[in-house]
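Asks: Sequence below, structure please.
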Amino acid sequence: MTRAAQCLEASSRKAAASPDPRSTVAQERARQLGISNAEAVRRVGPDERRYAHYASGRREPYLSTLVRIADALGASPNWLLGVALKTTLDQHLAALIERFSNAANGMTKREVEFIQAEAIVAAKARC
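Replies: Modelled structure (predicted):
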């Protein structure tokens, strides 16, 4: 286990009593994906220490790190930051997009491209 992963695991145990909601989002997303914190750190790449600091709530990430974390966890930076949507319609749409994104993780590239093509045809038909 890397030093950053060890720090993250130790920080997770320490923060369990009163976790910062913003810092637990990345950890929660890793649990949703069924991966350990160590695997999440590995997926982020060379900035393991920054991820460990962010996920434990000790530091806010740089934008580039936030984007890398979001990409590694299959989420959006806004979702990781807890940016609220303004309307119920936006929330419903966001929930549908999130469900699709999660489902798409299990699809082949060809299947996703097929769905994209169908969506384009449907959008053109509305016009």
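Asks: Return the distance of the residue nearest the centre of the chain relative to residue 123.
Replies: With distances taken as Cα atoms, centre = their mean, the residue of the chain nearest its centroid is residue 75 (3.1 Å). Distance of residue 75 to residue 123, computed by Cβ to Cβ, to the nearest Å: 25 Å. (C-beta placed from N, C-alpha, C; glycine too.)
Asks: Name the nearest residue to the residue nearest to the centre of the chain, sequence neighbours excluded.
Replies: Using Cβ to Cβ, 6 or more residues apart in numbering and skipping residues adjacent in sequence, the residue nearest residue 75 is residue 29, 5.3 Å away.
Asks: Render the CA-only coordinates of stretch 49-56 in PDB, please.
Replies: Taking C-alpha atoms only, stretch 49-56 is exported to PDB below (Å, rounded to 0.1, in the frame of the first residue of the first chain):
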ATOM      1  CA  ARG A  49      -1.100  12.600  -1.800                       C
ATOM      2  CA  ARG A  50      -3.400  15.300  -2.900                       C
ATOM      3  CA  TYR A  51      -6.300  12.800  -3.300                       C
ATOM      4  CA  ALA A  52      -5.600  11.500   0.200                       C
ATOM      5  CA  HIS A  53      -5.600  15.100   1.600                       C
ATOM      6  CA  TYR A  54      -8.800  15.900  -0.200                       C
ATOM      7  CA  ALA A  55     -10.700  12.700   0.600                       C
ATOM      8  CA  SER A  56      -9.800  13.100   4.300                       C
END
